[in-house]
Structure formats: structure tokens, C-alpha cells
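Asks: would you be able to build a 3D model of this:
(2 chains)
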Amino acid sequence: DAGITQSPRHKVTETGTPVTLRCHQTENHRYMYWYRQDPGHGLRLIHYSYGVKDTDKGEVSDGYSVSRSKTEDFLLTLESATSSQTSVYFCAISPTATNEKLFFGSGTQLSVL
Amino acid sequence: KQEVTQIPAALSVPEGENLVLNCSFTDSAIYNLQWFRQDPGKGLTSLLLIQSSQREQTSGRLNASLDKSSGRSTLYIAASQPGDSATYLCAVPNTNAGKSTFGDGTTLTVKP
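Replies: A predicted model of the protein is given here:
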């Protein structure tokens, strides 16, 4: 299995507070992705990174920011959490953009009250 | 915009049955197609990846096919077992940044 660790695994927070989720990989893969998974919406891309300090938006990026200062770490920040951001967040990694498998972390269950 | 559809949303079969899961996509300009398995409360596990130039990929009891021209892929599971019970998702990356579009999945239940 690919070495991907997401932290925390579960978090409960209050509306309006900032929240940071961490994705750590030991595979030295170039591409890293943040997805959220919601019933009725499936998996949706929030942000992705194609290298250190190189990031771009996905389809549901409003209210989220990311940073990648090292190859192994990709941080997702909810700047001011809202109840609509209650979801399961998954990090995924891949060595290339299109030719190789996408590997997922175990997810973070976030509840915003 | 790419759309990925998986039908049926749920499937229940008796143990030992062979079965086919379907995945369709609207834009045939794909790089590859990947099938995943997701157990409840877990992340996604990659099962098979088919490159756009390939027609099939096999791993054990699993066989995935790809027909780009018709925008379809199938995942064939032979001799199903209760341990195969899970949600199966397909995904296609559409750009050279690897941004993938996922189907909503088919939840499979294999009854002993």
C-alpha cells in the first residue's frame, strides 16, 4: 500500500473557526489531490498540487486553501468553517498525472457544528 | 464537462455468481480509466487501471474492459464472494494535471 497518512482522522469544530487537514506521503510522488466525498455528490476535487509550491483549484475550491512547502506534505485549510463543509476529506497521490494509479489516504471525517 | 455514470447504484447477488459493473463517460478523450473499491468508512483502493490504448486489464478474478468509442467500461467479477461486498467506483482523468472525474459508484452486496 502507498504510504499516505491523513491527520486528524476525525474532527469536530464550530462554524467560523479555521481548520487545517494534513496529508503526508512517503512515496515522493509529484501529484497530490484533495477530494471531498458527500452522499449524492460523489467525490469532488477541491485543490491539487503538481509540485512543491505549485497548486491549482479544483471544481469546489471556494472556502478552501492549500499549501505544499515540501514534497511529502499537502495541507488543506478551511479558512472559516461552515456547516456545508461537513464531509469526508480524502487525500490522493500519484507519481504522474495520467499514466499511473491514484492512491488514496484513509480520509478525515470533519463535522462543522 | 466530463460526466461519469455508474449503473446500477446497488446490486445484490448470491455468492458464486459472475457479475458485471458498468461505467459510462461522456467525453472519450481520456488518458485512462481506473476502477476502485471502497469499503465502508475507508479510503479508495485502486483495483485496475486501463490505459486509453488498452482494451482490457485483468487482476485475479477481476477483468476490466474499455471501449473509448462508445464511452463505456465494465468491471467483471468472477465467482463472487461475500468479501467482494463494497462500493466500486470508476474514474477518468481528463487533463494532463490528472484531475479525475468519479462516478457515484455501485454498491455490491454478495450474499453467502
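Asks: all strands for chain A, in order.
Replies: A:4-7, A:10-13, A:19-25, A:31-38, A:42-51, A:54-57, A:64-70, A:73-78, A:87-94, A:103-104, A:108-112 (DSSP state E).
Asks: out of the ones you listed, flag the one nearest B:Q54.
Replies: Comparison of those against B:Q54 by C-beta to C-beta identifies strand A:87-94 as nearest, at 18.0 Å. Where C-beta positions appear, they are placed from N, C-alpha and C, glycine not excepted.
Asks: ok, residues contacting that closest one?
Replies: The contact list for strand A:87-94 (C-beta atoms under 8 Å, 6 or more residues apart in numbering or on different chains) reads A:2, A:4, A:6, A:21, A:23, A:25, A:27, A:29-38, A:43, A:46, A:74, A:76, A:100-105, A:107-110, B:43-44, B:98.
Asks: tell me the angle that strand makes with strand A:19-25.
Replies: 30 degrees (axes from the mean of the first three to the mean of the last three C-alpha atoms, to 10 degrees).
Asks: each with direction, which strands does strand A:87-94 pair with?
Replies: strand A:31-38 (antiparallel), strand A:103-104 (antiparallel), strand A:108-112 (antiparallel) (DSSP bridges).
Asks: would you reformat those strands as CSV and include mean pLDDT and distance to A:Y64?
Replies: What follows is the strands paired with strand A:87-94, written out as CSV (pLDDT from 0 to 100; distance: least, C-beta to C-beta, whole Å):
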stretch, mean pLDDT, distance to A:Y64
strand A:31-38, 95, 8
strand A:103-104, 94, 18
strand A:108-112, 97, 12
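Asks: other SSEs contacting the lowest-mean-pLDDT helix or strand in chain B?
Replies: Here the helix or strand of chain B ranked lowest by mean pLDDT, DSSP states H and E is strand B:100-102, holding a mean of 90. Secondary-structure packing of strand B:100-102 (3 or more C-beta pairs under 8 Å, 6 or more residues apart in numbering or on different chains; DSSP states H and E): strand A:42-51, strand B:86-93.
Asks: need the winner for burial among the ones you listed.
Replies: Greatest average neighbour count among those goes to strand B:86-93 (a mean of 24), per mean count of other C-beta atoms under 10 Å in any protein chain shown.
Asks: so does that one get close to chain A?
Replies: Yes. Contact of strand B:86-93 with chain A (C-beta under 8 Å from any C-beta of the partner chain) involves B:89, B:91, B:93.
Asks: quick one: contacts of that strand?
Replies: By C-beta under 8 Å, 6+ apart, strand B:86-93 touches A:42-43, A:97-98, A:102, B:2, B:4, B:6, B:21, B:23, B:25, B:30-39, B:44, B:47, B:73, B:75, B:99-108.
Asks: hang on, the earlier thing: can you put the helices and strands packed on strand B:100-102 in TSV and add distance to B:Q51?
Replies: Output for the helices and strands packed on strand B:100-102, formatted as TSV (distance: least, C-beta to C-beta, whole Å):
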stretch	distance to B:Q51
strand A:42-51	20
strand B:86-93	11
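Asks: so which of these comes closest to A:D62?
Replies: Of all the helices and strands packed on strand B:100-102, strand A:42-51 sits nearest to A:D62, with 9.5 Å by C-beta to C-beta.
Asks: strands paired with that closest one, and their directions?
Replies: Paired strands of strand A:42-51, with direction, are strand A:31-38 (antiparallel), strand A:54-57 (antiparallel) (DSSP bridges).
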